[in-house]
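Student: Coordinates for the following, if possible.
(one chain, ligands or ions: 1)
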Amino acid sequence: MSLTREERKQYDRHILLDEIGEKGQLKLKKARVLVIGAGGLGCAILQYLTAAGIGTIGVIDDDVIEQSNLQRQILYTIDDVGKSKAATTIKRLSRLNPFINFHLFQEKLNSKNAIELFNDYDIIVDGSDNFPTRYLANDAAVITNKPLVYGAIFKFEGQVSVFNYKGSATYRCLYPTSPDPKDSPNCSDIGVLGVLPGIIGSLQANEVIKMVCGIGNVLSNQLLTYNMLTMQQMVLTYKKNTSIEINELNPDYNYACGIKVDDYGITKNQLKALHENYDLLDVRELHERELHHIGGHHIPLSELEKRSSEITTDRDLVVYCKSGIRSKKAVQILKQIGFKNTLFYLNDSIF
Ligand SMILES: Nc1ncnc2c1ncn2[C@@H]1O[C@H](COP(=O)(O)OP(=O)(O)OP(=O)(O)O)[C@@H](O)[C@H]1O
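Tutor: Numbering: from 1, shown residues only. As a prediction, this is how the structure comes out:
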């Protein structure tokens, strides 16, 4: 394998670097990298890996673009709302760099597909936003013996690390158990500074480039934390826990992380199956409802207890919010108050 004339032109500023040169650029061309998630982190990771000339890039994400993603998911435009993230990413990035071979996976990474997928790549990069996927990616990376580049963001703070690099510590060494789901809200419930995933995702791409070219120090056994408000960075060291053994995947990472999909959580599709034989309750804030709603009565979660008498239904009640967290809480509150009708909450996005 060699670089074509056009590729040499495209990557000239890399080739000029003694640390990369034509040899390093060829390594980048030969590299195969899988990116989980094409959201906030994924957009930055994918943009820089594509620009850097990673020869084969897999993108796995089953989600569609929402207008509220545009504040940070910079590969997308307003015309893309409703379209597949993974497919749109690849379409856009093929224009940035026509020399890349993209693999499209419009599905969720899960216990059934992870091992086969990971086997086909050299490095895995996690741009997902949830604990079940992080533990799944970690375990699959250990089983398939691939380095995993981790990134996570929360409001104004981010973290980066590289797991399982030449036998280094893994996510389970750093975080042996997942937090209680009620203590780990996501961006759609608490917000996130738009620039943050751009920075953390770029740092993740940087780790990939270093590993492929064999330059610099890889962030293995180290966790970099970044605070956007104070601009303080720290690099914390952690050790491999040799007592942790990972030999097979857990069949249900949601359950393992305490996310119990009980009878009362339903999806948008299951809602359709109720054939409108229910009343709806929206527990989001007024400004969210004004932007978009799917009907029903409106009581923000914070006012639910004192205004519960407004809910006079004796039909089934389906409660909804943005992502299922507030509506789940609302169902618990209504049960405690003594509501006897069947209560459901919508556990996926209403958009
Ligand atoms: N198991 C998984 N397999 C594939 N993609 C995943 C998986 N888990 C999460 N993702 C994807 O990772 C991305 C994370 O993006 P981000 O953190 O910006 O959140 P979002 O879901 O796009 O936005 P918001 O939380 O504001 O609605 C999403 O596109 C999501 O679909």
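
Student: Show me the domain layout of the protein.
Tutor: 31-256, 265-346 (automatic domain parsing).

Student: Show me what the mean pLDDT comes to for the longest one.
Tutor: Domain 31-256 shows a mean pLDDT of 95.

Student: Give me the distance between that domain and the centre of its chain.
Tutor: 7 Å (CA atoms, centre = their mean, to the nearest Å).

Student: what does the last one give?
Tutor: Once both centres are worked out by CA atoms, centre = their mean, domain 265-346 turns out to sit 26 Å from its chain's centre.

Student: at contact distance from the ligand, anything in stretch 164-182?
Tutor: No. For stretch 164-182, no contact with the ligand is found by CB under 6 Å from any ligand atom; the gap never falls below 14.0 Å. Bear in mind the C-beta positions are built from the backbone N, C-alpha and C, glycine included.

Student: Same check on stretch 104-120?
Tutor: Yes. Counting by CB under 6 Å from any ligand atom, the ligand is contacted by stretch 104-120 at 108-109.

Student: burial measure for residue 292, as a count.
Tutor: If you count neighbours by other CB atoms under 10 Å, residue 292 ends up with 13.

Student: Same question for the one 10 residues further on.
Tutor: For residue 302, the number of neighbouring residues by other CB under 10 Å comes to 11.

Student: thinking again about what came up before, just name the most buried of the domains of the chain.
Tutor: Ranked by mean neighbour count under mean count of other CB atoms under 10 Å, these are led by domain 31-256, which reaches a mean of 19.

Student: Spell out which residues of the stretch 101-250 of the chain are next to the ligand.
Tutor: So the stretch 101-250 of the chain meets the ligand at 108-109, 127-130, 133, 186-188 (CB under 6 Å from any ligand atom).

Student: I'd like those as JSON lines, with distance to residue 207 and secondary structure appended.
Tutor: Output for those, formatted as JSON lines (distance: CB to CB, whole Å; DSSP: H, G, I helix; E, B strand; the rest coil):
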{"residue": "108", "distance to residue 207": "24", "secondary structure": "coil"}
{"residue": "109", "distance to residue 207": "19", "secondary structure": "coil"}
{"residue": "127", "distance to residue 207": "13", "secondary structure": "coil"}
{"residue": "128", "distance to residue 207": "16", "secondary structure": "coil"}
{"residue": "129", "distance to residue 207": "19", "secondary structure": "coil"}
{"residue": "130", "distance to residue 207": "21", "secondary structure": "coil"}
{"residue": "133", "distance to residue 207": "19", "secondary structure": "helix"}
{"residue": "186", "distance to residue 207": "24", "secondary structure": "coil"}
{"residue": "187", "distance to residue 207": "22", "secondary structure": "helix"}
{"residue": "188", "distance to residue 207": "27", "secondary structure": "helix"}
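
Student: Now distance to residue 51 too, for those residues, in JSON lines please.
Tutor: Converted to JSON lines, those look like this (distance: CB to CB, whole Å):
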{"residue": "108", "distance to residue 51": "27"}
{"residue": "109", "distance to residue 51": "24"}
{"residue": "127", "distance to residue 51": "16"}
{"residue": "128", "distance to residue 51": "22"}
{"residue": "129", "distance to residue 51": "23"}
{"residue": "130", "distance to residue 51": "27"}
{"residue": "133", "distance to residue 51": "25"}
{"residue": "186", "distance to residue 51": "28"}
{"residue": "187", "distance to residue 51": "25"}
{"residue": "188", "distance to residue 51": "29"}
